[in-house]
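> make a model of this:
(chains A and B)
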Amino acid sequence: MECEGFREDQLDVLYGEADAATTRRVEEHHEVCASCRDEMAALRRVRRDLAAWELPKAVVPRPVPSRRPWMGLAAAAALLVAGGAGLVLSGAEVRRDPGALTLRWRRADADLQALLARQEERHRADMAALRAELLPVAHPSTTRPATADEALLRRAQQLVRESEARQDARWSAQLAAFGDRQETQRRYDLARVSAGLSYLEGKTGQDVVRTTELMGYVLQASQKK
Amino acid sequence: MSKAGGPTDEELVEDFQGGDPRAFDILVSRWDRKIQGAIYRIMGPEEDARDLCQETLLKAYRALGTFKKEARFSSWLYQIALNVCRDRLRRRKSRPQVSLDELMEVGEIAPAVRGPSPLDLVEASDLSRTVAAAVESLSPEQREVVVLKEYQGLTFLEIAQVLDVPISTVKTRLYRGLGQLRQRLERQGIRAAAPLPAWTP
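The predicted structure is shown next:
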């Protein structure tokens, strides 16, 4: 029972948190109590063993982000939206013709410059709106309900999804155009092969006629003899 | 915590609450590594400590506006990290797992070959892995205290604040945890000594 009263003090000494009086009291007890002295030595050995546990190299900290996560997410969303909107505003039209998607530019270059200017204005407006929404997050002294964060997250996710859909359409259109070009090239190549075969066939036919005439001539000459 | 006479954590919190978002970046740079290490040691290699650390920092970022100045930032951050770990452990419990070691201890299965296998010998020589397995075998409460004390270097008072329990409870958990670690390490052939006596505070 007397030894149990020293356990807390022993831990203080073990971890260097004991004041001078406590340290002296524990040391005096150890002088007369072999059990507690051995126990202290065992605790020190356990501590030495524990120090051998090293973190694996895989557990390394990520670089400190230079921006807040919401700012990064919103900026990425705004960039994707602006890129997708640029495709639409600059006059691109994705049409689904039978069998293929086609991408075509509906507007002339002069109109395109004006559209790009309007696109720039809309891009700035989108950025300003997002910045205004994120202001409470950057200054948390104004309490922001969790539902507002969730709504913002949903909106950002929606913007990203819409942008991804536009990107998909754009890639599909480009693939379709690439497919069209490949088909044209394939037909051109087939025509060339066909022409080449015809030429060979014609040449072969002429050779056959010439050979037949020669054989007839040889036959006639042999009969005259 | 302050570095080379720089602002303390609590001063940085004030700066952040006053509208300086860069203050949080400094806090993250100070605590990211330590929190991630604590999470890894508490959760083990099965969980991605980086993800749980990010979750901790995101929760801290959201709640820092309501941080009370009478608490220490580090204690508050450790509280969040431990809650994240406990949530994950609760979810892990819904997927029951039984370790081979436990089955052997209760006699459910017996080792096919007596004596250490070559793999055992290799692992036994790796003290770091042996210690990690020993700490993982502790109860979550003991593991938290051992990690916060041994590897994070918190004082008993700080641990009591993080866990919201009396200092005597912290010491009891630590003493029992160290006793179990000693027994476990001895079974692994690390030491040969008598077990620590029981402690009934």
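> which parts of the chain are helices?
This is for chain A. Ranges of helices in chain A, per DSSP state H, are A:7-14, A:20-32, A:34-50, A:69-89, A:109-138, A:146-224.
> to clarify, I was referring to chain B.
Taking DSSP H, the helices of chain B run over residues B:9-17, B:22-43, B:49-63, B:73-93, B:100-105, B:118-125, B:127-136, B:140-146, B:156-163, B:167-187.
> which of the residues in the second one are buried?
If I follow you right, that is helix B:22-43. By neighbour count with 16 or more other CB atoms under 10 Å in any protein chain shown, helix B:22-43 contains the buried residues B:23-28, B:30-43. For glycine as for every other residue, the C-beta is placed from the backbone atoms N, C-alpha and C.
> and chain A, which of these reach it?
Restricting the buried residues of helix B:22-43 to those near chain A by CB under 8 Å from any CB of the partner chain leaves B:24-25, B:28, B:32-33, B:36-37, B:40-41.
> kindly provide the distance from the nearest residue to B:Gly177 once chain neighbours are set aside to A:Gly216.
Nearest residue to B:Gly177 in three dimensions, chain neighbours excluded: B:Gln142, at 3.5 Å (CB to CB, 6 or more residues apart in numbering or on different chains). Separation of B:Gln142 from A:Gly216 (CB to CB, to the nearest Å): 112 Å.
> ok, these two, which is more surrounded?
B:Gln142 (21 against 10; other CB atoms under 10 Å in any protein chain shown).
> low pLDDT regions in chain A?
Confidence mapping of chain A against pLDDT under 70 gives the ranges A:1, A:58-124, A:126-128, A:130-148, A:152, A:155-156, A:158-170, A:172-173, A:188, A:224-225.
> could you redo the last one with a cut-off of 90?
A:1-7, A:52-225 (pLDDT under 90).
> with chain B instead?
Residues of chain B that meet the criterion pLDDT under 90 lie in B:1-6, B:21, B:44-48, B:65-71, B:89-130, B:185-201.
> how many neighbours does whichever residue of it sits closest to chain A have?
The nearest approach of chain B to chain A comes at B:Gly65, 2.8 Å away (CB to the nearest CB). Applying other CB under 10 Å, we find 17 residues neighbouring B:Gly65.
> same question for A:Glu150.
Here the number of neighbours of A:Glu150 (other CB under 10 Å) works out to 10.
> okay, it and chain B: tell me how far apart.
Distance of A:Glu150 to chain B, computed by CB to the nearest CB, to the nearest Å: 11 Å.
> ok, so what distance separates that residue from A:Gln157?
Separation of A:Glu150 from A:Gln157 (CB to CB): 10 Å.
> try A:Val46
Taking CB to CB as the measure, A:Val46 falls 50 Å from A:Gln157.
> A:Asp207 too?
Counting by CB to CB, the gap from A:Asp207 to A:Gln157 is 73 Å.
> B:Ile42 too?
Between B:Ile42 and A:Gln157 the distance, using CB to CB, works out to 31 Å.
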